[in-house]
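Engineer: I would like to see how this sequence folds:
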Amino acid sequence: MSGTRSLVRRTAVVAALTVLGPVAGCSSQSEGSGTAQAAVQTVDAGPLVQLPGGTAVDPSQPLTVTAENGSRLTDVTVTGADGRVVTGELAADQHSWHSTGRLHAGTTYTVRVAADNGHGGRGEASGGFSTTSPADQVTAALGPDSSGTGVYGVGQPLTVKLSEKVEEPAARAEVERSLKVVSQPAVTGAWYWVDSTELHFRPQEYWPAGATVKLSYDRPGALISAGRYVGEPVSRSFRIGDRVEALVDAGAHELTYRRNGQVVATFPVTTGKPGFSTRNGIKVVLGQESVVRMNGETIGIEKGSTEAYDLEVHWATRVTWSGEYVHAAPWSVGSQGVENVSHGCTGMSTDNAKWFFDQTRIGDIVQVVNSLGAQMEPFGNGFGDWNVDWPTWLKHSALGQPVSTAGPAEAGAADGGALPQI
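Structural biologist: Next up, the predicted model:
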């Protein structure tokens with residue numbers, strides 16, 4: 001008889017549990033908000049509860065679990081298919097629980113509930129429900145891409161290109177929350193919205209030499225704005241090499257190459273002559289070509305004019321998309337170290353250019369000073385990100401604050417594979 005009474009009590013407790021989702025049209029609430037006026041959305045809570053299935057929960061609204069007829073909830077756990085637990089809290093009277101973390105769209109969740117009826121009867125139930133699938137997903141292409149060696153220079157920014165425009169400040173903040181940067185050692189950095197589809201991340205100072213870095217876009221189904229959700233997860237991992245900085249002094253006609261703060265080599269160079277002066281500022285190496293064809297028409301020089309040229313150039317290290325390189329210029333050796341005679345590039349002897357080419361990688365720093373040219377633009381012609389001062393950089397983050405890249409040791413291996421061992 002005692003066994004029968006226990007079963008009856010358990011059924012009475014658990015059968016009163018329902019899951020609630022707020023009525024559509026309630027004001028949107030931020031992560032951590034309480035529940036609004038709600039209409040019942042039932043889910044299958046296990047064999048002790050007979051509830052209709054097939055009703056998808058709205059992921060943009062908080063989730064509520066209630067116990068009726070005087071029962072009290074003692075524990076509620078809501079877990080996504082990826083194992084992540086949705087945070088929430090019990091009401092003071094223990095008659096309800098509401099989520100404080102957001103649900104993701106198009107996701108299956110498991111609910112585990114424990115309760116008592118206040119008279120010694122206890123019960124547990126488990127079940128599941130699904131959230132509505134996202135109709136509009138914002139996907140992201142991350143950079144640097146994975147086509148290189150996996151090792152980049154200390155100036156390499158992280159880039160994100162979104163599949164559609166995101167313009168509202170609150171929506172941009174949600175995109176930033178969906179992006180995670182983890183590095184070892186940790187740095188302080190921030191995001192900068194270049195335009196409505198592109199944003200960059202850089203540390204306050206250059207990346208530490210030897211650091212490992214992982215960038216993830218990893219909140220699939222998270223709400224960005226009304227009807228728009230975070231798309232498929234994607235990540236990039238890479239390593240930072242030595243701290244390589246090339247300082248080109250256009251006034252002294254000299255390039256100084258430093259590795260980890262130590263001067264390794266100094267070369268005579270020539271830079272842009274008047275009318276074609278090399279841009280001042282910090283530039284990031286974009287790529288390298290052992291042989292490249294350079295034609296004056298690509299920068300607006302008329303064919304057949306006194307400034308026209310069409311040359312096969314060797315050991316070319318690119319620093320702008322518009323065609324500025326550090327490269328071999330054997331035709332101007334007599335002017336190197338003496339005067340500026342190029343059309344904007346930094347020219348040096350073939351041997352010196354080959355050495356520079358071999359000792360430099362994508363992401364390394366090339367800084368030009370004392371030129372008569374304009375300042376390197378921050379975006380659009382390469383990576384001029386380091387020419388933006390830190391306070392200005394922070395103002396272009398939707399969150400408006402710096403980000404620490406500290407994370408657990410295993411973060412580099414999660415959701416995208418281990419960091420490259422190079």
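
Engineer: so what's the one residue sitting closest to the centre of the chain closest to, chain neighbours aside?
Structural biologist: Within the chain, the residue whose C-alpha comes closest to the C-alpha centroid is residue 179; the distance, by C-alpha atoms, centre = their mean, is 4.2 Å. The shortest distance from residue 179 to any non-neighbouring residue, by C-beta to C-beta, 6 or more residues apart in numbering, is to residue 217 (5.7 Å). Glycine gets a C-beta too; all of them are placed from N, C-alpha and C.

Engineer: Just list the residues touching the closest residue to residue 197 other than its chain neighbours, thanks.
Structural biologist: Nearest residue to residue 197 in three dimensions, chain neighbours excluded: residue 162, at 4.6 Å (C-beta to C-beta, 6+ apart). Residue 162 makes contact with 138, 139, 140, 175, 197, 198, 199 under the criterion C-beta atoms under 8 Å, 6 or more residues apart in numbering.

Engineer: Of the residues you listed, just the buried ones, ChimeraX syntax please.
Structural biologist: Here is the ChimeraX selection string for the buried members of the contacts of residue 162, based on 16 or more other C-beta atoms under 10 Å:
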select :138,140,175,197,199
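
Engineer: if you look at the contacts of residue 162, which of them are in strands?
Structural biologist: Applying DSSP state E to the contacts of residue 162, the entries found in strands are 138, 140, 198, 199.

Engineer: Wait, residue 335 touches residue 273, no?
Structural biologist: No: the pair residue 335 and residue 273 does not pass the contact test of C-beta atoms under 8 Å, sitting 9.3 Å apart.

Engineer: Quick check: residue 312 vs residue 192, distance?
Structural biologist: As defined by C-beta to C-beta, to the nearest Å, residue 312 lies at a distance of 38 Å from residue 192.

Engineer: neighbour count winner among the two?
Structural biologist: When neighbours are counted by other C-beta atoms under 10 Å, residue 192 comes out ahead of the other of residue 312 and residue 192, with 22 against 8.

Engineer: Can you tell me the closest non-neighbouring residue to the more buried one?
Structural biologist: Counting by C-beta to C-beta, 6+ apart, residue 192 lies nearest to residue 396, which is 4.4 Å off, once chain neighbours are set aside.

Engineer: Neighbours of residue 261, how many?
Structural biologist: The burial metric for residue 261, expressed as a neighbour count using other C-beta under 10 Å, is 9.

Engineer: The helix or strand containing residue 391 packs against which elements?
Structural biologist: Residue 391 is located in helix 390-395, with elements delineated by DSSP states H and E. In this structure, helix 390-395 packs against strand 188-193, with contacts taken as 3 or more C-beta pairs under 8 Å, 6 or more residues apart in numbering; DSSP states H and E.

Engineer: Below-threshold pLDDT in the stretch 251-400 of the chain: ranges please.
Structural biologist: Within the stretch 251-400 of the chain, the ranges that satisfy pLDDT under 70 run 296-297, 308.

Engineer: could you pull out the helices for it?
Structural biologist: Using DSSP state H, counting those that start in this stretch, the helices assigned to the stretch 251-400 of the chain run over residues 350-358, 390-395.

Engineer: Tell me who's in contact with the closest residue to residue 289 other than its chain neighbours.
Structural biologist: Spatially, and ignoring its direct neighbours in sequence, residue 289 is nearest to residue 316 (4.9 Å; C-beta to C-beta, 6+ apart). For residue 316, the residues meeting the contact criterion (C-beta under 8 Å, 6+ apart) are 288, 289, 290, 291, 292, 325, 326, 327, 328, 353, 357.

Engineer: List the beta-bridge partners for the fifth one.
Structural biologist: This means residue 292. Using DSSP bridges, the bridge partners assigned to residue 292 are residue 313.

Engineer: for it, what are its contacts?
Structural biologist: The contact partners of residue 292, by C-beta under 8 Å, 6+ apart, come to 312, 313, 316, 325, 327.

Engineer: shouldn't residue 399 be in contact with residue 178?
Structural biologist: No: taking C-beta under 8 Å as the contact criterion, residue 399 and residue 178 are not neighbours in contact, 11.6 Å apart.

Engineer: The two: which has the busier surroundings?
Structural biologist: Between residue 399 and residue 178, counting by other C-beta under 10 Å, residue 178 is the more crowded of the two (21 against 16).

Engineer: Just give the nearest non-adjacent residue to the more buried one, would you?
Structural biologist: For residue 178, the nearest residue in space outside its immediate sequence neighbours is residue 219; the separation is 4.2 Å by C-beta to C-beta, 6+ apart.

Engineer: what's the helix or strand for that neighbour?
Structural biologist: Counting by DSSP H and E, there is no helix or strand that carries residue 219.

Engineer: how many other residues sit next to residue 185?
Structural biologist: Using other C-beta under 10 Å, residue 185 has 11 other residues around it.

Engineer: check contacts around it.
Structural biologist: By C-beta under 8 Å, 6+ apart, the contact set of residue 185 is 208, 211.

Engineer: And the strands in the stretch 1-150 of the chain, which stretches?
Structural biologist: Using DSSP state E, counting those that start in this stretch, the strands assigned to the stretch 1-150 of the chain run over residues 17-22, 38-40, 64-67, 72-80, 85-86, 88-90, 96-99, 108-116, 122-130, 136-138, 140-143.

Engineer: Over to the stretch 251-400 of the chain?
Structural biologist: Ranges of strands in the stretch 251-400 of the chain, per DSSP E, counting those that start in this stretch, are 254-259, 262-268, 281-284, 287-295, 310-318, 325-328, 346-348, 365-369.

Engineer: which one of those strands is the most hemmed in?
Structural biologist: Counting by mean count of other C-beta atoms under 10 Å, strand 346-348 has the highest mean neighbour count of the strands of the stretch 251-400 of the chain, with a mean of 28.

Engineer: So what touches it?
Structural biologist: Under the criterion C-beta under 8 Å, 6+ apart, residues 248, 255, 267-271, 278, 324-329, 332, 336, 356, 366, 368 lie in contact with strand 346-348.
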